[in-house]
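Trainee: Coordinates for the following, if possible.
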Amino acid sequence: MAKIKIAVIGVGNCASSLIQGIEYYKALGPKHPEAGLGLMNRKIGPYGPGDIEVVAAFDIDKRKVGKPLSEAIFAAPNCTKRIVNGNFNLNGPAVQMGRLMDGFSDHLSDYPETRRFIPAGRKPANISGALKKSGARILVNYLPVGSEQATRFYAEEALKAGAGFINCMPVFIASDADWAKRFEEKKLPIIGDDIKSQIGATIVHRALTKLFEDRGVKIDKTYQLNVGGNTDFLNMLNGSRLKSKKISKTQSVQSQMISPLTPEDIHIGPSDYIPWLHDNKVCFIRMEARIFGNIPVNLELRLSVEDSPNSAGVVIDAIRCMQLALDRQTGGILSAPSAYFMKHPPRQFPDTLAKNMVRDFILGK
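Mentor: I've put the predicted structure just below:
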């Protein structure tokens, strides 16, 4: 069976966790008793996690550009936990220079080198040409929050190269009708926008909101605050880069309510950057509501997760679903995978329904 050939934009913590995870499950093998541990789907169609091969990668940091991918994923400022030990994938591709554009924020220069991006200053690669040469059929977007121009540029390059596009970032591509139409016309699949975690702040907040709604509980106010120590949180200290992120996360929770809250009664977004947390993300959720007889009930929740593996556990399914679409020559929005895997899909569904939709998609129904 042919490999699923992918390219990644941004060799940060999320890419590191995904690539390490592919090697981890490949090393376990399909018959290992823990071969399905931590996976939402052990197999999707004929594909297991180890069938994914990263054939191209792009970044803008001088500590990563030009380095073998197996080395670059551990370079600073990456700080996620190691899933695998020792050397692996030694024959993997070298990281190519991407486009700088708005892929990093100027305020990062105020922080030590171990914490910030350092522009490589090299001539950018011909992205669509590099994708074609590598044989990549899927392009995974891992750019930092706020990379609006850069995300649109890479979506354009995917179209030129004839590659499907998985938009893990809160820049509205799949949920923009014009972009969706362009991918449909090219018969290329797209999944987006803004990846959900396996067990993260938004998916838990959505689940609690749906539980309250299903049990007849009236939600009056809610907030979700997140703190972390990776470069994503450092990047998000620049409030001007957060507009799409806040829209994406807020609408994801609001979509589970019969009557959405007013902007004054819901607050969802990052709170602060705490360096010593590294790739750990701590989420605080509060929900104020009323039950039978107009009696108040309040919920407080604290969730601590390793941020990047939490994302990779969903992306690994999105990749395999997209490969099924390519095998079937299906283009345009993949509605079911987008609804289940993304915070801001073109159309929202309750997660239990979206899960069943993905099951049907995998079965070809």
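Trainee: And the residue lying closest to G121 once chain neighbours are set aside, how far from F361?
Mentor: Leaving aside its chain neighbours, G121 sits nearest to K62 (6.9 Å; criterion: Cβ to Cβ, 6 or more residues apart in numbering). All C-beta atoms are positioned from the backbone trio N, CA, C, and that covers glycine. From K62 over to F361 the distance is 41 Å, taken as Cβ to Cβ, to the nearest Å.
Trainee: what's the answer for F165, then?
Mentor: When distance is defined by Cβ to Cβ, F165 is 17 Å away from F361.
Trainee: can you check K218 too?
Mentor: Going from K218 to F361 by Cβ to Cβ gives 35 Å.
Trainee: the more surrounded of the two?
Mentor: Counting neighbours by other Cβ atoms under 10 Å for K218 and for F361 shows that F361 has the greater number, 21 against 15.
Trainee: shouldn't that one be in contact with A339?
Mentor: No - distance between F361 and A339: 10.0 Å, which falls outside the contact criterion (Cβ atoms under 8 Å).
Trainee: Next, count neighbours for the closest residue to Q348 other than its chain neighbours.
Mentor: If you skip the residues right next to it in sequence, Q348 has S255 as its closest partner in space, 3.7 Å away by Cβ to Cβ, 6+ apart. S255: 18 surrounding residues under other Cβ under 10 Å.
Trainee: Same check on I203?
Mentor: Using other Cβ under 10 Å: I203 sits among 18 other residues.
Trainee: That one sits in which helix or strand?
Mentor: Using DSSP states H and E, I203 sits in helix 201-214.
Trainee: May I see the buried residues of that helix?
Mentor: Taking 16 or more other Cβ atoms under 10 Å as the basis for neighbour counts, the residues of helix 201-214 that come out buried are 201-206, 208-210, 212-213.
Trainee: Tell me the one among those nearest to M40.
Mentor: I203 (11.5 Å; Cβ to Cβ).
Trainee: Please name the residues that touch the residue lying closest to the closest one once chain neighbours are set aside.
Mentor: Counting by Cβ to Cβ, 6+ apart, the nearest residue to I203 once its immediate chain neighbours are dropped is K196, at 5.1 Å. Contacts for K196 (Cβ atoms under 8 Å, 6 or more residues apart in numbering) come out as 202-203, 252, 314, 340-343.
Trainee: With distance to L139 added, can I get these in CSV?
Mentor: Output for the contacts of K196, formatted as CSV (distance: Cβ to Cβ, whole Å):
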residue, distance to L139
T202, 24
I203, 24
S252, 23
V314, 17
Y340, 20
F341, 16
M342, 16
K343, 20
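Trainee: Show the buried residues in these.
Mentor: Among the contacts of K196, those that count as buried by neighbour count (16+ other Cβ under 10 Å) are 202-203, 252, 314, 340-343.
Trainee: JSON lines for the residues you listed, including distance to L301 and pLDDT?
Mentor: Supplementary listing: the buried ones among the contacts of K196 in JSON lines, determined by distance: Cβ to Cβ, whole Å; pLDDT from 0 to 100:
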{"residue": "T202", "distance to L301": "13", "pLDDT": "96"}
{"residue": "I203", "distance to L301": "12", "pLDDT": "97"}
{"residue": "S252", "distance to L301": "16", "pLDDT": "97"}
{"residue": "V314", "distance to L301": "20", "pLDDT": "98"}
{"residue": "Y340", "distance to L301": "22", "pLDDT": "98"}
{"residue": "F341", "distance to L301": "23", "pLDDT": "98"}
{"residue": "M342", "distance to L301": "23", "pLDDT": "98"}
{"residue": "K343", "distance to L301": "18", "pLDDT": "96"}
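Trainee: Among those, name the ones in helices.
Mentor: Among these, the members falling in helices are 202-203, 252, 314, 340-341 (criterion: DSSP state H).
Trainee: between these, which is nearest F349?
Mentor: Checking those against F349 by Cβ to Cβ gives Y340 as the nearest, at 7.9 Å.
Trainee: Could you give the number of residues near the nearest residue to that closest one once chain neighbours are set aside?
Mentor: Leaving aside its sequence neighbours, Y340 sits nearest to A354 (Cβ to Cβ, 6+ apart; 3.9 Å). If you count neighbours by other Cβ under 10 Å, A354 ends up with 22.
Trainee: what comes up buried for whichever strand or helix holds A354?
Mentor: Under the criterion of DSSP H and E, A354 resides in helix 351-363. Across helix 351-363, burial judged by 16+ other Cβ under 10 Å covers 351, 354, 357-358, 361-362.
Trainee: Do you have the helices of the stretch 1-150 of the chain handy? List them.
Mentor: Read by DSSP state H, counting those that start in this stretch, the stretch 1-150 of the chain holds these helices, from start to end of the chain: 13-28, 69-72, 127-134, 148-161.
Trainee: Strands of the stretch 151-300 of the chain, residue ranges please.
Mentor: Under the criterion DSSP state E, counting those that start in this stretch, strands of the stretch 151-300 of the chain are mapped to 164-167, 189-191, 218-228, 266-273, 280-291, 295-306.
Trainee: Now tabulate those in CSV and tack on mean pLDDT and distance to G103.
Mentor: Conversion of the strands of the stretch 151-300 of the chain to CSV gives the following (pLDDT from 0 to 100; distance: least, Cβ to Cβ, whole Å):
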stretch, mean pLDDT, distance to G103
strand 164-167, 98, 15
strand 189-191, 98, 20
strand 218-228, 97, 20
strand 266-273, 90, 18
strand 280-291, 98, 21
strand 295-306, 98, 24
